[in-house]
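S.K.: Mind looking at a prediction? Sequence and model below.
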Amino acid sequence: MAILQLSLISMAALLSIAFGIRYLFTKTFMPYHATVAGQPWSELTPGLQTVILGMLRILGGGFNTYGLALLWLLLPLSRNEAWASWAALTLTLAAVLPTLYVTVYLRRFAPTAKTPIAPASIALALGVVGSCVSFYR
């Protein structure tokens, strides 16, 4: 069970870090943002572009923080420290539930927007299941 838990938590962490890096280094908003906004990046004012890029950088930092926190938790998780499973679960719910909510909300607003609902759902499932595996040892 320990290997399963560590594997699931590791996958959640790496998925989050991958998204974090993507959002930190993007030069424009994502294609689904253009769909929701109803206009391409090039038509936004420079001020609005700056605000959006700032928000994307904050999101990227948050995704990386969550992913790195999970990676650090692998140490106490591997030692079966019960608090670490609760910490991983709490971090997952706090970081990924709002992300999933927004991706669903944007899709409902603009149904043709290809928001990352599946990756957010996968990250949530990996983090929750990975955290909860230790409760059944």
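M.R.: Alright, I've got the coordinates. Numbering: from 1, shown residues only.

S.K.: in what helix or strand does G130 lie?
M.R.: In the assignment (DSSP states H and E), G130 maps to helix 117-132.

S.K.: what's the neighbour count on V96?
M.R.: 24 (other CB atoms under 10 Å). (Each C-beta comes from the backbone N, C-alpha and C, glycine too.)

S.K.: quick one, the helix ranked longest in the chain and helix 117-132 angle?
M.R.: When the chain is parsed with DSSP state H, its longest helix is helix 46-78. If you take axes from the mean of the first three to the mean of the last three CA atoms, to 10 degrees, helix 46-78 sits at 30 degrees to helix 117-132.

S.K.: Point out the other helices and strands that helix 46-78 packs with.
M.R.: On a contact count with 3 or more CB pairs under 8 Å, 6 or more residues apart in numbering; DSSP states H and E, helix 46-78 meets helix 2-25, helix 82-109.

S.K.: Run through who's touching the shortest one.
M.R.: This means helix 2-25. Residues outside helix 2-25 that contact it (CB atoms under 8 Å, 6 or more residues apart in numbering): 56-57, 59-68, 70-71, 73-74, 77-78, 80, 85, 88, 92, 95-96, 116, 119, 122-123, 126-127, 129-131, 133-134, 137.

S.K.: Just the buried ones out of those residues, please.
M.R.: Among those, the ones that count as buried by 16 or more other CB atoms under 10 Å are 56, 59-60, 62-64, 66-67, 70-71, 73-74, 77, 85, 88, 92, 95-96, 116, 119, 123, 126-127, 130-131, 133-134.
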